[in-house]
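[1] Coordinates for the following, if possible.
(chains A and B)
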Amino acid sequence: MDSLVAVEKEIDKALDLFENFYDGVDQNLNKAIDHLVSIINDLTKIESEQTFKLSADDSISMCKEQVRELIKHYSDKHKDLHANISKIGKAIDKNFVADYGNMSHVNLIDTVEKKMHLNEAICEHLLRSGHLEVCDTLVEEAGLVKKIDEDKKRPFVQMNYILNKLKEKDVSPALEWCQINCKELKAISSNLEFKLHRLRFIQLIQQGPKAQLEVLKYSRNFTQFANDCHKEIQRLMGSLIYLNSGLENSPYSCYLGAELWEEIEEEFTKNACKLMDLPVECPLDVCINTGCRALPALVNIVQVMQQTQCGHILSKDELPIEIDVGQNYRFHSVFSCPILRQQTTDSNPPMRLICGHVISKDALTKLNNSGKNRIKCPYCPMEQAPGEAKQMLF
Amino acid sequence: MDDMKIIEHSTLKVPYEHLNKLYRNVHKTIDRDCSSINQSMNQIDKLAKSADLGQKSELLASLSSLVEKLHQVKKRSIEMRNQEKDLIEILKKRVNNLKDHSSSDLTTRKLFFKNRLDRILIDYFLRNSYYLSAESLAEKAHLKQMTNIDVFLIEKEICESLESRETQRCLNWCIENKSKLKKINSNLEFTLRQQEFIELVREQKCLEAVHHARKYFVNLNPDQLVDVQKSMVLLAYVKCSDSLCNQELLSDSRWTYLIGLFKQENYKINQIPEQSALETILQSGLSALKTPTCYQKVTAVFNHNCPVCNPNFNQIAKPLPFAYCSNSKLIDAYTGEAINEHNQPMMLPNGHVYGYNSLVKLMSENDGKIRCPRSKETFEYGEVQKVFIL
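    Next up is the predicted model:
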């Protein structure tokens, strides 16, 4: 943030100086023009030879001085402004890292195939964010016509339509969708339909006493949820008391918050993606968010490694430092053997000892190198035979 | 150091370079105007010193023309003032836009990140010549001012002219940016002249080719000399169409090389990084998310949400390093919940591990017995063994 402040300071300074400079130039030019015009007028009037010569000489030498001053000011002062402009450039260089700090090492997209994969991923992102025309243009320009056809687009188009309607606080398309997919939603025990009905109910209550009959009629929709959500239904029916005076000053004012609408959009996206077997968050988004989070730490390491000439971090098997991606972005279990500090794989699986502690198979083999068929757990006094360890599957 | 410092350098540097370029042009114009005014003034001075009534009209005429000149200079200076001011304003607008990165309001921040991804995509589109997509996205996302589309549109024109085997536009560009290209020791102009020579020989205009060489192959450094020697051999083999040397110099790939070289130099002098932001960030992101499970080194339940398991990114992330993990991070295979001290790991007799919460859930769904979601075998709670992960 302070990096932006520093750059902004220089920019503002430059703006001021430029303003002053050009104001000055304008003034000087106007003065010179006026002076010259008056000289012309004076000389035109003169008829006598003598006065003409004197006048001409006098006024023109004065004018010459003025014009010289003007030229000097124009050129020199503009030259001075260059210092301020280069200060802006220096502020940018000082406060920002150029060239991504030499992070870019591998040419990631080096084959036509990989480019196609990346373009496909970008198309998915564009479809999810509702930029359908941009996706179509990209499909044409990048030659993806076969890969991204109507079938692929349809679910996203529908999803975007429903989400846009939800943004306008219209729940009917979403409810329609729920009714069509009722069975599947039940299978994933989703209460999306109930939440949508709830929002509509609250909308009707906000219309005041004239909607009384409609509200009561609408509440019949809750019957199907009587078993699962009876507590919430009780609360909703209770809020009817405030039909006349409005919910704003009632204990039920929480129903008026915008969070409910934001929550329903998220809930709908989650359910729709689950039903369609799609990832909840666009893969490109996840990668970019993680990448931005990881960049500062990685750039630091690259700088350090450059000094010790260990090669670039992206050419190694494993990153040199741990990046905390956050619990939301942990998709697979990773077991790191506490003894050998290696990640376990199928060829080197985690093994549970009798005492309950877990180490990798390689570590187990190392502990057994004396061949005595008796090993002691590294973490407690329990002894056992190596064959008694059980392979685990996370 | 935060990610904004790393990603947004060129966002600010490119308009700064434009400002610099404009400043230099403005200064040239100012110098020209000043010297012309000076000239006129000196003339008038001379006239005035030796003037008599007879030359009055001449003197008055020169004075009027000077006034006319000053008016024009004034008009030009207003134009230049607006131009310089506009460029500085663009810079200021971008700085203001970037301030949203650290805004205290979550919605503003979310919008900033969304716009950032769109900007990164627009930059990627421009670099790969998907100009229509870039313009379309810039319009839809209202980001035209934050992108460097104009630099790429100029590049587009020149690349198109190079593709149609025309060198003039590119040469004009080289002359325009002569000083900057010299600073980076660019070989572009020489390579263009060499290509012109080759084209002349291809059309069998050998005498013209020799004239061309005499004119342009001057002041060469040792590497360029070697290239010239190779091209000169072409003159000898001009009738012989299938000799080895001809194939290399006459091939179309030289034009592709030229286009690539031009793009490279264009990026350098405009302070645009060589690799796109998208690729750089993807490298870091994919690497940080890459686990052996994504590449079938570990048997596990397929997780839809993992981007690296997504077929598109799976191919792309193959050459990247795996993420480094110093402590075990486990998630439950049934519910996806984290397994930690609040949700302790339990092992079934078949070796599968689940969190305690999942076991509770499984028991409630199956009359107090545990049915392993993966192997479908049923177990009693008593058969479950506790596991200690350090």
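
[2] so what's the residue in chain B positioned nearest to chain A up against?
    Nearest residue of chain B to chain A: residue B:285, at 2.9 Å (C-beta to the nearest C-beta). Every residue, glycine included, has its C-beta placed from N, CA and C. Residue B:285 sits next to A:286, A:287, A:288, A:289, A:290, A:291, A:292, A:294, B:307 when contact means C-beta atoms under 8 Å, 6 or more residues apart in numbering or on different chains.

[3] Secondary structure element holding the nearest residue to the second one once chain neighbours are set aside?
    The spatial neighbour of residue A:287 that comes closest, neighbours along the chain excluded (C-beta to C-beta, 6 or more residues apart in numbering or on different chains), is residue B:285 at 3.9 Å. With elements taken from DSSP states H and E, the one containing residue B:285 is helix B:277-289.

[4] what's the next secondary structure element after that helix?
    Sequence order places helix B:311-316 as the next helix or strand after helix B:277-289, per DSSP H and E.

[5] which outside residues touch that following helix?
    Under C-beta under 8 Å, 6+ apart, the answer for helix B:311-316 is A:108-109, A:113-114, A:117-118, A:120-121, A:283, A:287, B:282, B:286, B:294-295, B:307-308.

[6] quick check, nearest of the residues you listed to residue A:255?
    Among the contacts of helix B:311-316, residue A:283 lies closest to residue A:255 (C-beta to C-beta), at 35.6 Å.

[7] I'd say the closest one and residue B:307 touch.
    Yes. With contacts counted by C-beta atoms under 8 Å, residue A:283 reaches residue B:307, the gap being 3.6 Å.

[8] and these two? which has more neighbours close in?
    residue B:307 (29 against 24; other C-beta atoms under 10 Å in any protein chain shown).

[9] Surely the more buried one and residue A:287 touch.
    Yes. Taking contacts as C-beta under 8 Å, residue B:307 lies within contact range of residue A:287: 5.0 Å.

[10] which neighbours do these two share?
    With C-beta under 8 Å, 6+ apart, residue B:307 and residue A:287 have common neighbours B:285, B:286, B:289, B:313.

[11] ok, now how distant is residue B:254 from residue A:320?
    41 Å (C-beta to C-beta, to the nearest Å).

[12] Likewise for residue B:320?
    For residue B:320, the distance to residue A:320 equals 13 Å [C-beta to C-beta].

[13] Kindly report the same for residue A:229.
    Plainly put, residue A:229 is 51 Å away from residue A:320 if you go by C-beta to C-beta.

[14] Name the residue in those two with the higher neighbour count.
    Taking neighbours as other C-beta under 10 Å, residue A:229 and residue A:320 compare with residue A:229 leading, 18 against 15.

[15] burial count for the nearest residue to that one once chain neighbours are set aside?
    Among residues not flanking residue A:229 along the chain, residue A:194 sits closest, at 5.4 Å (C-beta to C-beta, 6+ apart). Counted with other C-beta under 10 Å, residues neighbouring residue A:194 total 18.

[16] ok now do residue A:194, which residues does it touch?
    For residue A:194, the contact set (C-beta under 8 Å, 6+ apart) comprises A:222, A:225, A:228, A:229, A:232.

[17] Tell me which stretches of chain A form strands.
    Under the criterion DSSP state E, chain A carries strands at the ranges A:350-352, A:358-360, A:375-376, A:383-384, A:390-391.

[18] Would you reformat those strands as TSV and include distance to chain B?
    Below are the strands of chain A laid out as TSV (distance: least, C-beta to the nearest C-beta, whole Å):
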stretch	distance to chain B
strand A:350-352	6
strand A:358-360	6
strand A:375-376	16
strand A:383-384	14
strand A:390-391	5
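
[19] Adding mean neighbour count as columns, could you present these in a markdown table?
    Formatted as a markdown table, the strands of chain A follow (neighbours: other C-beta atoms under 10 Å in any protein chain shown):
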| stretch | mean neighbour count |
| --- | --- |
| strand A:350-352 | 25 |
| strand A:358-360 | 25 |
| strand A:375-376 | 18 |
| strand A:383-384 | 14 |
| strand A:390-391 | 14 |
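
[20] How about stretch B:337-353 and chain A, any contact?
    Yes. For stretch B:337-353 and chain A, the contact criterion (C-beta under 8 Å from any C-beta of the partner chain) is met by B:338, B:339, B:347, B:351, B:352, B:353.

[21] Correct me if wrong: the first one contacts residue B:330.
    The one in question is residue B:338. Yes. Counting by C-beta under 8 Å, residue B:338 touches residue B:330, with 7.4 Å between them.

[22] Please identify which of these two sits among more neighbours.
    Taking other C-beta under 10 Å, residue B:338 and residue B:330 do not tie; residue B:330 has more neighbours (21 against 15).

[23] Contacts only, for that one.
    Neighbour list for residue B:330: A:333, A:334, A:335, A:394, B:338, B:339, B:340, B:345, B:353, B:389 [criterion: C-beta under 8 Å, 6+ apart].

[24] which one is the residue of chain A found nearest chain B nearest to, not counting chain neighbours?
    In chain A, the residue that lies nearest chain B is residue A:291 (2.9 Å; C-beta to the nearest C-beta). The spatial neighbour of residue A:291 that comes closest, neighbours along the chain excluded (C-beta to C-beta, 6+ apart), is residue B:285 at 2.9 Å.

[25] Just the pLDDT at the one you found, thanks.
    pLDDT recorded at residue B:285 is 93.

[26] what's the closest of the contacts of residue A:194 to residue B:145?
    Using C-beta to C-beta, the contacts of residue A:194 come closest to residue B:145 at residue A:232, 47.5 Å.

[27] by contact count, what packs against the biggest helix by length in chain A?
    Longest helix in chain A by number of residues, with DSSP state H as the criterion: helix A:49-95. If contacts are counted by 3 or more C-beta pairs under 8 Å, 6 or more residues apart in numbering or on different chains; DSSP states H and E, helix A:49-95 sits against helix A:2-45, helix B:9-49, helix B:56-98.

[28] Turn these into a markdown table, columns for distance to residue A:389.
    Shown next, in a markdown table, are the helices and strands packed on helix A:49-95 (distance: least, C-beta to C-beta, whole Å):
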| stretch | distance to residue A:389 |
| --- | --- |
| helix A:2-45 | 54 |
| helix B:9-49 | 53 |
| helix B:56-98 | 55 |
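
[29] export the ones you listed to a markdown table and tack on mean pLDDT?
    Formatted as a markdown table, those follow (pLDDT from 0 to 100):
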| stretch | mean pLDDT |
| --- | --- |
| helix A:2-45 | 90 |
| helix B:9-49 | 91 |
| helix B:56-98 | 91 |
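
[30] To residue A:182, which of those lies closest?
    helix B:56-98 (45.4 Å).

[31] Next one: that closest one, is it in contact with chain A?
    Yes. Interface with chain A: helix B:56-98 contributes B:56, B:59-60, B:63-64, B:66-67, B:70-71, B:73-74, B:77-78, B:81, B:84-85, B:88-89, B:91-92, B:95-96, B:98 (C-beta under 8 Å from any C-beta).

[32] among those, which ones are buried?
    Listed as buried from the residues of helix B:56-98 next to chain A are B:56, B:59-60, B:63, B:66-67, B:70, B:73-74, B:77, B:81, B:84, B:88, B:91-92, B:95, B:98; burial here means 16 or more other C-beta atoms under 10 Å in any protein chain shown.

[33] State whether residue A:379 and residue A:356 are indeed in contact, as I suppose.
    No. Applying C-beta under 8 Å, one finds residue A:379 not in contact with residue A:356, separated by 9.4 Å.

[34] Common neighbours of those two, please.
    The contact sets of residue A:379 and residue A:356 overlap at residue B:388 (C-beta under 8 Å, 6+ apart).
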